[in-house]
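> Fold the stuff below for me.
(chains A and B)
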2 protein chains.
Amino acid sequence: MLAFEAGTGKTGGDGVTVNRPRASAIMEREGLTALVATTPENVAYLVGSPLRATNWTMQIYGVLPKDPNARPALVIPTNRLGVIAQIGVPEADLYLYSDFFLEGSPEGKPSTPDIDLFYQLLGSVSTYPGPLEALQAVLADRGAGGQPVGVDEMRIAPEWYSRLASSLPDGFVKPAYKLFREIRQVKTSAELSRLRKAAQLNERAEQQLIDLIAAGVHEEELANHYRYAVMKEGAVPAMVAVGAGPRSALPLIERYFHRIEPGDLIRFDLCCQLDGYWADTGRTAVLGEPTEWHNRHYQATLRGWERALELIRPGVKASTVFEEAVAAVQREGIPHYRRQHVGHAIGLELYDDITLAPGDHRTLEKGMTLCVEIPYYELGAGGFQVEDTIVVTESGFEFLTGMERRLYCK
Amino acid sequence: MLAFEAGTGKTGGDGVTVNRPRASAIMEREGLTALVATTPENVAYLVGSPLRATNWTMQIYGVLPKDPNARPALVIPTNRLGVIAQIGVPEADLYLYSDFFLEGSPEGKPSTPDIDLFYQLLGSVSTYPGPLEALQAVLADRGAGGQPVGVDEMRIAPEWYSRLASSLPDGFVKPAYKLFREIRQVKTSAELSRLRKAAQLNERAEQQLIDLIAAGVHEEELANHYRYAVMKEGAVPAMVAVGAGPRSALPLIERYFHRIEPGDLIRFDLCCQLDGYWADTGRTAVLGEPTEWHNRHYQATLRGWERALELIRPGVKASTVFEEAVAAVQREGIPHYRRQHVGHAIGLELYDDITLAPGDHRTLEKGMTLCVEIPYYELGAGGFQVEDTIVVTESGFEFLTGMERRLYCK
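Okay, the predicted model is just below:
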């Protein structure tokens, strides 16, 4: 239970990721005194950086009190403390559990700031026998002992969820994964800054791939170029859809088989994570002169995308954006166009909460970030993608992305 | 519910990853007619390749019947079917749920084998409204409807676990994460082949890092070199502990701050995943002439590691290996040596089931794969690592790794 300031890692320094006022209002509405994060995304939301677990039985919890003046806390196994000293968690108090052995006294010996901090933390942070005892200590220290709490049910081992529930009156432990997602809908400025950095890195890499398009280049060369380009800037590549020729029609791509030929469409849908935040943007290119079919289908998807953006502002329903965008694509050149959604919120999860889909009648709010996308997949013919990331503003939206929106011709 | 043979991806072709006889025996013992996998590792165990989920609400299940002649099945959202067509899942039948729109008829149009398969599957595989209906259809088709089943409880949304449990008599749904781990303790030859490839790739990259050691080289340059080296061979880098000088004493490393100086110890503990299977190996180097302190500590850890290997064979208790290895380190030069474990099983999880630890009194069996490691961490002084991967054989063990075990001097 020690507050410390040093953050020697490269994350942090861009402010607090958590939207405390929104979190407190949602906890008030739900009658909860604290929320317990368990998925890596929700833990990262509280501490600013995702933490690796070795396996599914390892428990890592973040605790967010309703009282906006009470500090969040992080419950971790002692063997993760050295990582905390490297990344810095200035916004959360630490509660450890289980033993971990290492030796030494750094006094007068060679050291680095993270090792000094590690050593200091080892000697000052309380250690509990297990994750439940540590979690109960967090709650008690914040006046939330014996009170109703929400627990992110998706990554806590069910055994520990049951034990926590048994330690409290019936109904005092409620599933909270959806509540975390609701809080995370409206981004803080620190989150916007990270999302912008991720989107810009993604676009720089995407531009490099477009520059590399030529006859004989293999899809896998482009995919590996992307992976390395984002990795060397500190990001983690995820789904890398690079599909050329017939394979441009594949929605998700995880294997690469095709060498680019003249006349091929090349569809990019590229995803990576930087400091925990996702980027997901897409473009389409053609090697050579586009055909009438290429132009008509591309223009129809672009018109749909433009229609979606015209509508985006606080107060509009997600489902309205969907319906109008699909209607525009149908009107502008693909009469049989069908789609599940024309965009999704993005943040710590690739699909954050809110989808521009027929069943989602919630209204957009200032500070929400969305990937707006109008893909078209025709097996045996080809596929198109235009996907950009925006933030909803008071009067409409702002782009987090800046690449030209056109059918790139090489 | 269609069997198909084509596998156009680069995995597969090395046989079945599942140990069916062991799985059937464990289900018989537990009174279960089928097991449902939900974590990516357990799903990969059944289908041969891990499948990405977009978020925590997306449900992907693998089903393993007790009857060794009944085929496994995979329950996935329809939008993942294109990925299945790329990676190939010849060992499992497919059951889809929810809608996904795409257009086209590939007849007479340019295509590739994965697209042809995708199209064929789209037209022939049954689609159910949701994951529970699909799962119930799998069980019914295998004569396991209304029978007791084990469900990997770690990655199914609790809501779906509860719904499945409510659809069956009380006590017919039992948590099965631990049962999958128990089955996976004894590897099949396909798994050994993948673990060997992963370990060998890891060692080739590790050797490159040792070759690159020189004054002025930054830890991060080595870490990035490793990531790229394994990535371009198809692996996914994970925790990359490259610690130099004082930072060689840090057990887990996620950030890099130090430039190598003459006299520095450099400790490597490198982890990556290839085709779903983990590699985790480690070595220690010194830039310049090792001191007496370096040599004494390194030799003590090496003697402990050798003592562990002398004991490894079927029938020995994991805890016995631990006790003897720690005693050897203490006797050979580090009298105060303490440790939680001296190794762990490795496979689809970095820490598979069985740990060479004081509390684990289970006995080793032929076909188990273990990382045997004797790290020593002294904050303010330095750290050492020797870690290799072995498979338990009838008469002892065989290495999956081949690098020289010595304190590398540069």
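> Run through the strands of the stretch 201-350 of chain A in chain order.
Taking DSSP state E, counting those that start in this stretch, the strands of the stretch 201-350 of chain A run over residues A:236-244, A:265-274, A:277-286, A:343-345.
> closest one to A:D93 among those strands?
The closest of the strands of the stretch 201-350 of chain A to A:D93 is strand A:277-286. By Cβ to Cβ, the value is 24.0 Å. For every residue, glycine as well, the C-beta is placed using N, CA and C.
> Could you check the angle the closest one makes with strand A:236-244?
Angle between the axes of strand A:277-286 and strand A:236-244 is 10 degrees (criterion: axes from the mean of the first three to the mean of the last three Cα atoms, to 10 degrees).
> Can you give the distance from stretch A:166-186 to the centre of its chain?
In terms of Cα atoms, centre = their mean, to the nearest Å, the centre of stretch A:166-186 is found 20 Å from the chain centre.
> Could you do stretch A:309-329 as well?
That offset, for stretch A:309-329, works out to 23 Å (Cα atoms, centre = their mean).
> same deal with stretch A:122-131?
30 Å.
> Can you get me a residue count around A:E404?
The local packing of A:E404 (other Cβ atoms under 10 Å in any protein chain shown) involves 7 other residues.
> any idea how far the residue nearest the centre of chain A is from A:V47?
What sits nearest the mean C-alpha location of chain A, by Cα atoms, centre = their mean, is A:L348, with 2.3 Å. Using Cβ to Cβ, to the nearest Å, A:L348 is found at 12 Å from A:V47.
> quick one: contacts for A:Q147?
A:T33, A:A34, A:L139, A:F172 (Cβ atoms under 8 Å, 6 or more residues apart in numbering or on different chains).
> again with A:P290
Residues near A:P290 by Cβ under 8 Å, 6+ apart: A:Y298, A:L407, A:C409.
> Ramachandran angles for it?
The phi/psi pair for A:P290 (degrees, to the nearest 10) reads phi -70, psi 150.
> So what's the predicted local confidence for it?
The model reports A:P290 with a pLDDT of 97.
> partners of the least confident helix or strand in chain A by mean pLDDT in the sheet?
Every helix and strand of chain A was ranked by mean pLDDT, DSSP states H and E. The lowest is strand A:103-104, at a mean of 80. Using DSSP bridges, the strands paired with strand A:103-104 are strand B:376-379 (parallel).
> I'd like to know if the next helix or strand after the partner strand reaches chain A anywhere along the stretch.
Counting by DSSP states H and E, the next helix or strand C-terminal to strand B:376-379 is strand B:382-384. No. Strand B:382-384 is not in contact with chain A by Cβ under 8 Å from any Cβ of the partner chain; minimum separation 8.5 Å.
> So which other helices or strands are in contact with strand B:382-384?
With contacts taken as 3 or more Cβ pairs under 8 Å, 6 or more residues apart in numbering or on different chains; DSSP states H and E, strand B:382-384 sits against strand B:265-274, helix B:292-311, strand B:376-379.
> Against which helices or strands is the second one packed?
Meaning helix B:292-311. helix B:318-332, strand B:369-373, strand B:376-379, strand B:382-384.
> Tell me who's in contact with A:K109.
By Cβ under 8 Å, 6+ apart, the contact set of A:K109 is B:P246, B:G380, B:A381.
> now those in TSV, with pLDDT and neighbour count?
Shown next, in TSV, are the contacts of A:K109 (pLDDT from 0 to 100; neighbours: other Cβ atoms under 10 Å in any protein chain shown):
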residue	pLDDT	neighbour count
B:P246	94	26
B:G380	86	18
B:A381	90	21
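> how about these in JSON lines, adding distance to B:D269?
Shown next, in JSON lines, are these (distance: Cβ to Cβ, whole Å):
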{"residue": "B:P246", "distance to B:D269": "16"}
{"residue": "B:G380", "distance to B:D269": "19"}
{"residue": "B:A381", "distance to B:D269": "17"}
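> Would you tell me which one of those residues comes nearest to B:E323?
B:A381 (25.7 Å).
> Give me the distance between the closest one and B:H258.
As for B:A381, its distance to B:H258 is 15 Å (criterion: Cβ to Cβ).
> residues of the lengthiest helix in chain A that come out buried?
Longest helix of chain A, by residue count under DSSP state H: helix A:189-212. Buried residues in helix A:189-212, counting neighbours by 16 or more other Cβ atoms under 10 Å in any protein chain shown, are found at A:190-203, A:205-206, A:209-210.
> go on, stretch A:30-39?
For stretch A:30-39, burial by neighbour count (16+ other Cβ under 10 Å) applies to A:L32, A:T33, A:A34, A:L35, A:V36, A:A37, A:T38, A:T39.
> So the fourth one lies in a helix, does it not?
No. According to DSSP: H, G, I helix; E, B strand; the rest coil, A:L35 belongs to no helix; its state is strand.
> mind putting the buried residues of stretch A:30-39 in JSON lines, pLDDT included?
JSON lines is the format used below for the buried residues of stretch A:30-39 (pLDDT from 0 to 100):
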{"residue": "A:L32", "pLDDT": "98"}
{"residue": "A:T33", "pLDDT": "98"}
{"residue": "A:A34", "pLDDT": "98"}
{"residue": "A:L35", "pLDDT": "98"}
{"residue": "A:V36", "pLDDT": "98"}
{"residue": "A:A37", "pLDDT": "98"}
{"residue": "A:T38", "pLDDT": "98"}
{"residue": "A:T39", "pLDDT": "97"}
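> Most widely separated two among those?
Pairwise distances across the buried residues of stretch A:30-39 peak at 20.7 Å for A:T33 and A:T39 (criterion: Cβ to Cβ).
> can you tell me how far the closest residue to A:A229 other than its chain neighbours sits from chain B?
Sequence neighbours aside, A:A205 is the residue nearest to A:A229 in space, at 4.1 Å (criterion: Cβ to Cβ, 6 or more residues apart in numbering or on different chains). Distance of A:A205 to chain B, given as Cβ to the nearest Cβ, to the nearest Å: 14 Å.
> Could you measure from A:A205 over to B:H225?
Separation of A:A205 from B:H225 (Cβ to Cβ): 19 Å.
> same question, A:V63
From A:V63 over to B:H225 the distance is 38 Å, taken as Cβ to Cβ.
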